[in-house]
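Participant: after the sequence you'll find the predicted model.
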Amino acid sequence: MHNVRVVYRKYDQRLHWHQVMRYLGEDSYGVWLGVPPNSVSQRGEEPEVLHSQAHVQLFPRDRWFTAIFNDEPRSTEIYCDVTTPVTFGETEFTMIDLDLDVVKKRDGTVYVDDADEFAEHQVQFGYPQDVIEAAQRECDWLFRAVATEEPFLTTYKTYLDKVR
């Protein structure tokens, strides 16, 4: 298994979250990467953040989102970033974070986060109308899907077992 650098950027191309993860496999939902407990990620040039829990991440092909699935005891079970479709390289995956996030807590609560940031950045960065519409459409679908559809129900657990 090889490592892949995951790089999120904002629409103005500035570096956002980035992390090195281990390739776990690919299925009909996309490419899965993961890290064991005590991995680190970094936002831009800020200090690294230590993650005490294992987590896996799904990078779908030709969709406008990525999804993180956290192991217990983290209270956020699933965290979906609405993004441009992922650009897959051999050693690096890149995408543009479009601000909207869909979060599923371990107690089953689902909510959309950063809608205000999405609205602000549409103006600040001049998001094209087709990007706005695709992001909103994906966010609306994710809001329903994280509680009712695979890979958000059980599929991810197979991959999480590989990094615990």
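Facilitator: Received, thanks.
Participant: could you use CA atoms for every contact and neighbour count after this?
Facilitator: Will do.
Participant: hmm, what's the outermost residue in this protein?
Facilitator: The outermost residue of the chain relative to its centre, with distances by C-alpha atoms, centre = their mean, is Val123 at 23.5 Å.
Participant: can you tell me the SS state at that residue?
Facilitator: Classification of Val123 by DSSP: H, G, I helix; E, B strand; the rest coil places it in helix.
Participant: how about Val112?
Facilitator: At Val112 the chain is in strand, as set by three-state DSSP.
Participant: now it: closest residue in space that isn't a chain neighbour?
Facilitator: Val102 (4.6 Å; C-alpha to C-alpha, 6 or more residues apart in numbering).
Participant: wait, that neighbour sits on Trp141?
Facilitator: No - when contacts are counted by C-alpha atoms under 8 Å, Val102 is not listed as touching Trp141 (9.8 Å).
Participant: neighbour-wise, which of those two wins?
Facilitator: Using other C-alpha atoms under 10 Å as the criterion, Val102 and Trp141 rank with Val102 on top: 25 against 12.
Participant: can you name the residues bridging to that one?
Facilitator: Per DSSP bridges, the residues bridged to Val102 are Cys80, Val112.
Participant: got a list of what it touches?
Facilitator: Counting by C-alpha atoms under 8 Å, 6 or more residues apart in numbering, Val102 touches 79-82, 110-113, 139, 142-143.
Participant: spit out the contact partners of the nearest residue to Val103 once chain neighbours are set aside.
Facilitator: Nearest in space to Val103, with sequence neighbours left out and distances taken as C-alpha to C-alpha, 6+ apart, is Tyr79 at 4.7 Å. Taking C-alpha under 8 Å, 6+ apart as the criterion, Tyr79 is in contact with 67-69, 101-104.
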